[in-house]
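Engineer: The following block contains a protein sequence and its predicted model.
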Amino acid sequence: MCIFCDIIDHKIPSKTVYEDENVLAILDISQVTYGHTLVMPKKHFANIIEADEETAALCMKTAKRLAGKIMKNTGAAGINILTNCNEAAGQTVPHLHFHIIPRYDENDSLILRFDPSPEQDLDEVLKKITAE
Ligand code: 5GP
Ligand code: ZN
């Protein structure tokens, strides 16, 4: 039971932005900003970590291409491309997808804040995240 698999199988209607044998792009039902689009693989993977590299790359290739087209056609001033992985990162639908979110100005309806955490020992961080 996966809502995006049902959309891919045409069991649930959606607005198709782009489709090929591997990838589907649809309008997000919530439209965080005008033109908000979701790019997803037709094969089910829960998230980007679970997906194989080829599938993730195909989605990103499509997202890159659509981002340019959407920016041009909407006149957006910028664009965010992002994928949420797991609930902790805000993922609500457990089928890999990339959001393409056109940005009209810094005060539109998407809020992305990068607050620095308390000072970190970068050598320690580097050692930790690159450990085998
Ligand atoms: P997530 O929170 O997992 O990163 O993103 C899921 C997105 O899917 C949300 O932005 C939500 O609005 C969108 N969404 C959820 N259900 C549907 C649906 O039935 N149709 C479409 N087009 N979008 C959906
Ligand atoms: Zn699915």
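Structural biologist: Perfect, thanks for sending it. Ligands and ions are numbered 1, 2, ... in the order given.
Engineer: in the chain, which spans are strands?
Structural biologist: Using DSSP state E, the strands of the chain run over residues 16-19, 23-27, 37-41, 78-82, 98-103.
Engineer: Out of the ones you listed, which one sits most buried?
Structural biologist: Neighbour counts (mean count of other CB atoms under 10 Å) averaged over each of those peak at strand 37-41, with a mean of 25. C-beta: built from backbone N, CA, C; applies to glycine.
Engineer: Need the contact partners of that one.
Structural biologist: With CB atoms under 8 Å, 6 or more residues apart in numbering as the test, strand 37-41 has contacts from 4, 8, 17-18, 22-28, 51, 55-56, 58-59, 62-63, 66, 70, 95-100.
Engineer: Mind doing that once more with 6 Å?
Structural biologist: Contacting residues not belonging to strand 37-41 are listed as 4, 17, 23-26, 28, 55, 59, 62-63, 96-98, 100 [CB atoms under 6 Å, 6 or more residues apart in numbering].
Engineer: what do you get for stretch 45-53?
Structural biologist: Contacts of stretch 45-53 (CB under 6 Å, 6+ apart): A56, T83, C85, P94, L96.
Engineer: Would you mind checking these for buried ones?
Structural biologist: Among those, the ones that count as buried by 16 or more other CB atoms under 10 Å are A56, T83, P94, L96.
Engineer: okay if I get the residues you listed as a markdown table plus pLDDT and distance to K128?
Structural biologist: As requested, these are arranged in a markdown table below (pLDDT from 0 to 100; distance: CB to CB, whole Å):
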| residue | pLDDT | distance to K128 |
| --- | --- | --- |
| A56 | 98 | 24 |
| T83 | 98 | 23 |
| P94 | 98 | 27 |
| L96 | 98 | 26 |
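Engineer: and which of these is nearest to R113?
Structural biologist: Nearest to R113 among the buried ones among the contacts of stretch 45-53 is T83, at 18.1 Å by CB to CB.
Engineer: give the contact list for the most centrally placed residue in the chain.
Structural biologist: Taking CA atoms, centre = their mean, the centroid of the chain lies closest to F98, which sits 1.7 Å from it. Counting by CB under 6 Å, 6+ apart, F98 touches V39, C59, A63, I81, T83.
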